[in-house]
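S.K.: Predicted model and sequence follow; I will ask about them next.
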2 protein chains.
Amino acid sequence: MSQTSNSSDAVSGLDDLYPSRQQSEPTLLERRDPVIHSGGGDPPPSITPQQVEDYARNGFVVLHDVFTAAEVAALQEELERLRTAPHIRVLPEAFSEPDNDELRSLFRVHELSAVFGGLAGDPRLSNIARYILNDEVYIHQSRVNLKPACRGKGFYWHSDFETWHVEDGMPRMRALSMSIALTENTVYNGSLMLMPGSHRTYVACVGETPEENYKQSLKNQSIGVPDDGSLKELHDRFGIAVPTGPPGTVTIFDCNTMHGSASNISPLPRSNVFFVYNAISNRAGEPFCDREPRPEFIGARRRIVPIPH
Amino acid sequence: MSQTSNSSDAVSGLDDLYPSRQQSEPTLLERRDPVIHSGGGDPPPSITPQQVEDYARNGFVVLHDVFTAAEVAALQEELERLRTAPHIRVLPEAFSEPDNDELRSLFRVHELSAVFGGLAGDPRLSNIARYILNDEVYIHQSRVNLKPACRGKGFYWHSDFETWHVEDGMPRMRALSMSIALTENTVYNGSLMLMPGSHRTYVACVGETPEENYKQSLKNQSIGVPDDGSLKELHDRFGIAVPTGPPGTVTIFDCNTMHGSASNISPLPRSNVFFVYNAISNRAGEPFCDREPRPEFIGARRRIVPIPH
């Protein structure tokens, strides 16, 4: 524990290695954690050593053909069931599009759905998380995202870790996300855009965290996003990649990889299910801001259940 | 002149070959005009016979290397001059982004700027228009579009002709657009998306034209856009193309090609200059709706100046 005093220490009792929303000017900081936490050894069969290298370099990797067509179809059916079930829409875990009632995100889906719970624990995914993070893992957050056809809104650029750190109290960069496509991802339906290599740079953002920020930020994030100058700097350094692929494509990305998505005006909806695997040793503590932690279904802190082998 | 009577005849005195905004249900109609109006003969040197064929089939074609680097740089400088000149921003021809004061479009730019006026009359462009339309041509509309970095809004799907027909009184499909990129077009900065082959199908839209519709529609078009079902049908038939290229890339597209663009959250602004060439024989008459024509700077009707050879 640090003996220095700053506003974050006062809140969390832990060193704040990644201060953000504390200064009036943005800063680019070097990452202070490994990307691949494993000391070596063979990766699990669902990822090749070359793909692990790609992940280390770019902050993301795309895996094709992880699931059979039948498995993908079952996931799609489950999504449709959740999308249309009246008892789902009214849950606190359900969020709608800014302009209408269409379901946009459903959180805690690994617990609300046995199918997606099974997917989160599928060793083809969870063993990769354990390997990269070199620890037992649990789900810090899970959700399905539905970007409707024709009028789907985008998500502005952000590092997930910035929010998980500041608002959830996740101490270190030892978490990763897996996004499993449930519809086709093309360059024109609002697919995930990532900045390759951006995971090694942390953007300390400006602005103070409002109370219950998540209610706004899940619809239209304005706090914890990079300023235009930092974003331009990142783009100049790293560029932008737009991975595409059929339903079932798995995109694994580091917690600090800068990403976002544009609007979807195409008639192809874009949906995915999304799991955040966090190392047990990196579980969320007190937020690194002067606010209440976000709800349990957005950032797990009490129910920490290691994914069984 | 037709002796049948319908609401459009009453307004225009001309047969309405492409009725729209008149029925409560959308309809897909067959195009009733040629795409290539020329009876044959060699195209001008700035376009190859193969490119003319591509245009005929897809409703658009992309030309690279039309301009030298110095010419492109001069166009970019002129855009920057217009973007920042205080006397430009206050013109009725200037339109800003919905959410802020950034210049989004400047109309009648072929008359407001000698540089862009010269570009509209450049034989490398105008000779192509004359060839495809097989007539003397004039500029029905011209503008520069600036899609700002980070927060640039998209344009929803539309056929230009639908609006030019209904609101400007353009009788037939004998016009085309040329968009000259002034910044790089990538798949991730809100580039033009087109549906290849859609130019042969006319979507009769639903909804009535409000008064002074252009004031709203230039910011966020809601009338004269296809319904979701028609759009899905078009996508199933034609798919979506996203041409990319460096500054100076010329995209030529038919007046009825379905197109749109997503938002731009990337730090790369996207700008282009856009000319609508119309055949002299196809000049705008009375609108095919019960409204005043749009302003001269949006749809020329009084100052019809054939582009000199």
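M.R.: Done, it's in.

S.K.: and the gap between A:Ser198 and B:Ser266?
M.R.: 13 Å (CB to CB, to the nearest Å). Where C-beta positions appear, they are placed from N, C-alpha and C, glycine not excepted.

S.K.: Am I right that A:Ile128 is in a helix?
M.R.: Yes. The assignment for A:Ile128 (DSSP: H, G, I helix; E, B strand; the rest coil) places it in a helix.

S.K.: Correct me if wrong: it contacts A:Pro43.
M.R.: Yes. The pair formed by A:Ile128 and A:Pro43 meets the contact definition of CB atoms under 8 Å, at 7.2 Å.

S.K.: next SSE after the worst-scoring helix or strand of chain A on mean pLDDT?
M.R.: Ranked by mean pLDDT, DSSP states H and E, the weakest helix or strand in chain A is helix A:7-12, scoring a mean of 42. The C-terminal neighbour of helix A:7-12 among helices and strands, as given by DSSP states H and E, is strand A:27-30.

S.K.: Could I get the buried residue list for that next one?
M.R.: In terms of neighbour count (16 or more other CB atoms under 10 Å in any protein chain shown), strand A:27-30 has no buried residues at all.

S.K.: and if you look at stretch A:268-283?
M.R.: Going by neighbour count (16+ other CB under 10 Å), the buried part of stretch A:268-283 is A:268-279, A:282-283.

S.K.: Does chain B have contacts with that stretch?
M.R.: Yes. Using CB under 8 Å from any CB of the partner chain, stretch A:268-283 reaches chain B at A:Leu268.

S.K.: what mean pLDDT does stretch A:247-262 have?
M.R.: For stretch A:247-262, mean pLDDT rounds to 97.

S.K.: Figure out the length between the terminal residues of it.
M.R.: With CA to CA, to the nearest Å applied, stretch A:247-262 spans 19 Å between its terminal residues.

S.K.: Mind checking if that stretch is in reach of chain B?
M.R.: Yes. Under the criterion of CB under 8 Å from any CB, stretch A:247-262 makes contact with chain B via A:Gly260, A:Ser261, A:Ala262.

S.K.: neighbours of the nearest residue to A:Phe116 once chain neighbours are set aside, just the number please.
M.R.: Distance criterion CB to CB, 6 or more residues apart in numbering or on different chains; nearest residue to A:Phe116, sequence neighbours excluded, is A:Val109 at 4.7 Å. With neighbours defined by other CB atoms under 10 Å in any protein chain shown, the count for A:Val109 comes to 28.

S.K.: how about A:Val109, what does it touch?
M.R.: Going by CB atoms under 8 Å, 6 or more residues apart in numbering or on different chains, A:Val109 touches A:Leu82, A:Glu93, A:Phe116, A:Ser142, A:Arg143, A:Val144, A:Val273.

S.K.: So what's the residue count around the third one?
M.R.: Okay, so that is A:Phe116. For A:Phe116, the neighbour count with other CB under 10 Å is 25.

S.K.: do the same with the second one
M.R.: Other residues near A:Glu93 come to 19 when the count uses other CB under 10 Å.

S.K.: Now it: closest residue in space, sequence neighbours ignored.
M.R.: Nearest residue to A:Glu93 in three dimensions, chain neighbours excluded: A:Phe107, at 4.2 Å (CB to CB, 6+ apart).

S.K.: I figured that neighbour hits A:Ile139, correct?
M.R.: No. Using CB under 8 Å, A:Phe107 makes no contact with A:Ile139, being 10.7 Å away.

S.K.: on that earlier part again, between A:Ile128 and A:Pro43, tell me which one has more neighbours.
M.R.: Neighbours were counted for A:Ile128 and for A:Pro43 using other CB under 10 Å; A:Ile128 has more, 27 against 19.

S.K.: quick one, what contacts the more buried one?
M.R.: Neighbouring residues of A:Ile128 by CB under 8 Å, 6+ apart: A:Pro43, A:Pro44, A:Ser46, A:Ile47, A:Met178, A:Ile252.

S.K.: one more time with 7 Å, if that's ok
M.R.: Listed by CB atoms under 7 Å, 6 or more residues apart in numbering or on different chains, the contact set of A:Ile128 reads A:Pro44, A:Ser46, A:Ile47, A:Ile252.

S.K.: just A:Ile307 next, same as before
M.R.: If you count contacts by CB under 7 Å, 6+ apart, A:Ile307 has them with A:Ala120, A:Gly121, A:Ser126, A:Val137, A:Tyr138.

S.K.: same thing but 10 Å
M.R.: A:Ile307 is in contact with A:110, A:117, A:120-123, A:125-127, A:129-130, A:136-139, A:275, A:277, A:280, counting by CB atoms under 10 Å, 6 or more residues apart in numbering or on different chains.

S.K.: mind checking how far it is from A:Leu63?
M.R.: To A:Leu63, A:Ile307 is 18 Å away according to CB to CB.

S.K.: same deal with A:Glu53?
M.R.: From A:Glu53 to A:Leu63 the distance is 14 Å (CB to CB).

S.K.: Looking at those two, which one has more neighbours?
M.R.: Under the criterion of other CB under 10 Å, the comparison of A:Glu53 against A:Leu63 puts A:Leu63 first, with 22 against 12.

S.K.: any idea how far that one is from chain B?
M.R.: Relative to chain B, A:Leu63 is positioned 21 Å away (CB to the nearest CB, to the nearest Å).

S.K.: can you list the residues of the stretch 51-200 of chain A near chain B?
M.R.: Within the stretch 51-200 of chain A, the positions near chain B by CB under 10 Å from any CB of the partner chain are A:148-157, A:186-191, A:193, A:195.

S.K.: again, only this time at 8 Å
M.R.: Proximity of the stretch 51-200 of chain A to chain B is confined to A:Ala149, A:Cys150, A:Gly154, A:Tyr156, A:Trp157, A:Thr186, A:Val187, A:Tyr188, A:Gly190, A:Met193 under the rule CB under 8 Å from any CB.

S.K.: what about the longest helix in chain A?
M.R.: Ordering each helix of chain A by length in residues (DSSP state H) puts helix A:69-84 first.

S.K.: for the helix or strand following that helix, packing partners?
M.R.: For helix A:69-84, the following helix or strand on the C-terminal side (DSSP H and E) is helix A:86-89. When contacts are defined as 3 or more CB pairs under 8 Å, 6 or more residues apart in numbering or on different chains; DSSP states H and E, helix A:86-89 packs onto strand A:103-107.

S.K.: ok, the strand it packs on: who's next to it in the sheet?
M.R.: The sheet places strand A:103-107 alongside strand A:94-96 (antiparallel), strand A:137-147 (antiparallel), with pairing taken from DSSP bridges.

S.K.: between those, which gets the lowest average pLDDT?
M.R.: strand A:94-96 (a mean of 89).

S.K.: sec struct for the residue nearest to A:Ala129 when sequence neighbours are not counted, please.
M.R.: In this structure, A:Ala129 finds its nearest non-sequential neighbour in A:Tyr277, 3.6 Å apart by CB to CB, 6+ apart. Recorded secondary structure, A:Tyr277: strand (three-state DSSP).

S.K.: so who does A:Tyr277 touch?
M.R.: Taking CB under 8 Å, 6+ apart, we find A:Tyr277 in contact with A:Ser126, A:Ala129, A:Leu133, A:Val137, A:Tyr138, A:Ile139, A:His140, A:Ala175, A:Leu176, A:Ser177, A:Met178, A:Ile307.

S.K.: if we can go back for a sec, for the residues of stretch A:247-262 next to chain B, which one is nearest B:Gly248?
M.R.: Taking CB to CB as the measure, B:Gly248 lies nearest A:Ala262 of the residues of stretch A:247-262 next to chain B, at 24.1 Å.
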